[in-house]
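**Student:** mind looking at a prediction? Sequence and model below.
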Amino acid sequence: MKFELKRIDVWSITKISFFLNGVFGLLFGFFYALILAMVGSMIGPLSGGEFDSFGALTGAFGIFFAIILAIFSAVTGGVTAAVFAWLYNLFAKWIGGIEINLAGEKIESVSPSDEKSEGMSRYE
């Protein structure tokens, strides 16, 4: 079977992209916060005690950065997805959409009204 993707709903792709980019931004932000806290805690002993509180400060900054990164990633990813979906819809009108070939067996469905009419004719 051959199908063509003619249009993408811009709002639905924006919502999904906003959510997924926010989640991944938060995960990467927390990973960055962990790395930053580890580096900050290693700087204290290496500096001879001059920057002992630097580890806590970098950890707090890392958590703040994780939240900022999640928000930034969600907004930019959502806007980018919306622009690309809009552009896809625009170009799909002019040159056609993406064609997809699916293989499989054709399944014929039986509607409930057909079953009732067949069942009644059998017993009458």
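**Tutor:** Sure, I can see it. Numbering: from 1, shown residues only.

**Student:** buried residues, stretch 16-30. List them.
**Tutor:** Neighbour counts over stretch 16-30 (16 or more other Cβ atoms under 10 Å) mark 17-18, 21-22, 25-26, 29-30 as buried. For every residue, glycine as well, the C-beta is placed using N, CA and C.

**Student:** what helix or strand is Glu4 on?
**Tutor:** Counting by DSSP states H and E, the element that carries Glu4 is strand 2-5.

**Student:** quick one: strands adjacent to that strand?
**Tutor:** strand 98-101 (antiparallel) (DSSP bridges).

**Student:** for the partner strand, list the C-alpha coordinates in CSV.
**Tutor:** Taking C-alpha atoms only, strand 98-101 is exported to CSV below (Å, rounded to 0.1, in the frame of the first residue of the first chain):
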residue,chain,number,x,y,z
ILE,A,98,6.6,12.2,1.6
GLU,A,99,5.5,8.8,0.1
ILE,A,100,5.4,5.8,2.3
ASN,A,101,5.1,2.2,1.1
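
**Student:** other residues contacting the strand holding Glu4?
**Tutor:** 92, 96-102 (Cβ atoms under 8 Å, 6 or more residues apart in numbering).

**Student:** now for this protein, the helix or strand with the poorest mean pLDDT.
**Tutor:** None of the helices or strands of the chain scores lower by mean pLDDT, DSSP states H and E than helix 112-123, at a mean of 54.

**Student:** that older thread, what's the average pLDDT for the strand holding Glu4?
**Tutor:** Average pLDDT, strand 2-5: 84.

**Student:** so how far is that strand from its chain's centroid?
**Tutor:** Relative to its chain's centre, strand 2-5 lies at 23 Å (Cα atoms, centre = their mean, to the nearest Å).

**Student:** before we move on, the earlier item: between the contacts of strand 2-5, which is nearest Ser73?
**Tutor:** Ile98 (26.5 Å; Cβ to Cβ).
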